[in-house]
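Enquirer: From the sequence below, what's the structure:
(chains A and B)
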Amino acid sequence: AQSVTQLGSHVSVSEGALVLLRCNYSSSVPPYLFWYVQYPNQGLQLLLKYTSAATLVKGINGFEAEFKKSETSFHLTKPSAHMSDAAEYFCAVSKQGAQKLVFGQGTRLTINP
Amino acid sequence: EAQVTQNPRYLITVTGKKLTVTCSQNMNHEYMSWYRQDPGLGLRQIYYSMNVEVTDKGDVPEGYKVSRKEKRNFPLILESPSPNQTSLYFCASSPIEKNIQYFGAGTRLSVL
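Expert: From the prediction side, this is the model:
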């Protein structure tokens, strides 16, 4: 069975600081990995996805994530936080070619002025 | 505009009163799915559908029903709602050839 663990339900950073949101997965087969963002009172939007091509994946709004098979990790980073990045972020995994997504618990990101 | 539309956005009801949350997508996607979101638990899949007349249980199907009579619509039915079904519900759709799911804006349901 596949599962996702997001380390830290709340992360707070200062505006301009590095954002690092952690995600570890378990999968018996090569996975597809995703990061979704949920702004207040909105649905989820895809930030980026890994599908076994390049291990460093660039997404929207300056975010990127690196797939590290040896660490079973897919951490999300952004070099410089902006106030508009305040949201909840979800890591998700699926099997290759499958539609079913398994989500992590979510990490709420707060940006301090 | 390509979108997934859920209605209603907010709903307060009482225990046992049947309700339906509608979901419609205009992207001709084969795959549709319902999730519920609860604090600390992320999103959990309730039911999904691979195409018209093809539905299957997700991880938390108890107390819910779905139907897929048309490609664009995938309603979620609560025959006899209970307070433990108070949650935020999301509908999503995806083309079969691409594993990218598009989400509706959500329906916040309170069962008293």
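
Enquirer: Please name the strands paired to the helix or strand containing A:Ile111 in the sheet, noting orientation.
Expert: Here A:Ile111 sits within strand A:107-112, counting by DSSP states H and E. When sheet partners are counted by DSSP bridges, strand A:107-112 sits next to strand A:10-14 (parallel), strand A:87-95 (antiparallel).

Enquirer: ranking those by burial, who's on top?
Expert: strand A:87-95 (a mean of 22; mean count of other C-beta atoms under 10 Å in any protein chain shown). C-betas here are computed from N, CA, C, even on glycine.

Enquirer: Tell me how far that one lies from the chain's centre.
Expert: Its chain's average C-alpha position is 5 Å from that of strand A:87-95, according to C-alpha atoms, centre = their mean, to the nearest Å.

Enquirer: Check which element follows that strand along the chain.
Expert: strand A:102-103.

Enquirer: From chain B, how far off is the residue nearest the centre of chain A?
Expert: What sits nearest the mean C-alpha location of chain A, by C-alpha atoms, centre = their mean, is A:Trp35, with 3.5 Å. A:Trp35 is 12 Å from chain B, where distance means C-beta to the nearest C-beta, to the nearest Å.

Enquirer: Quick check: residues of chain A near chain B?
Expert: Contact residues (C-beta under 8 Å from any C-beta of the partner chain) of chain A with chain B: A:4, A:6, A:9, A:32, A:36, A:41-46, A:49, A:51, A:90, A:94, A:97-101, A:103-106.

Enquirer: out of those, which are buried?
Expert: In terms of neighbour count (16 or more other C-beta atoms under 10 Å in any protein chain shown), the buried residues within the residues of chain A next to chain B are A:4, A:6, A:32, A:36, A:43-44, A:46, A:49, A:51, A:90, A:94, A:99-101, A:103-106.

Enquirer: For chain B, give the strand that spans the most residues.
Expert: strand B:42-51 (DSSP state E).

Enquirer: on that earlier part again, I'd like the strands paired with strand A:107-112 written out as TSV, with mean pLDDT and distance to B:Asn51 added.
Expert: Listed next are the strands paired with strand A:107-112 as TSV, based on pLDDT from 0 to 100; distance: least, C-beta to C-beta, whole Å:
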stretch	mean pLDDT	distance to B:Asn51
strand A:10-14	97	39
strand A:87-95	92	18
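
Enquirer: so can I have JSON lines of those showing distance to B:Ser87?
Expert: Listed next are the strands paired with strand A:107-112 as JSON lines, based on distance: least, C-beta to C-beta, whole Å:
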{"stretch": "strand A:10-14", "distance to B:Ser87": "21"}
{"stretch": "strand A:87-95", "distance to B:Ser87": "15"}
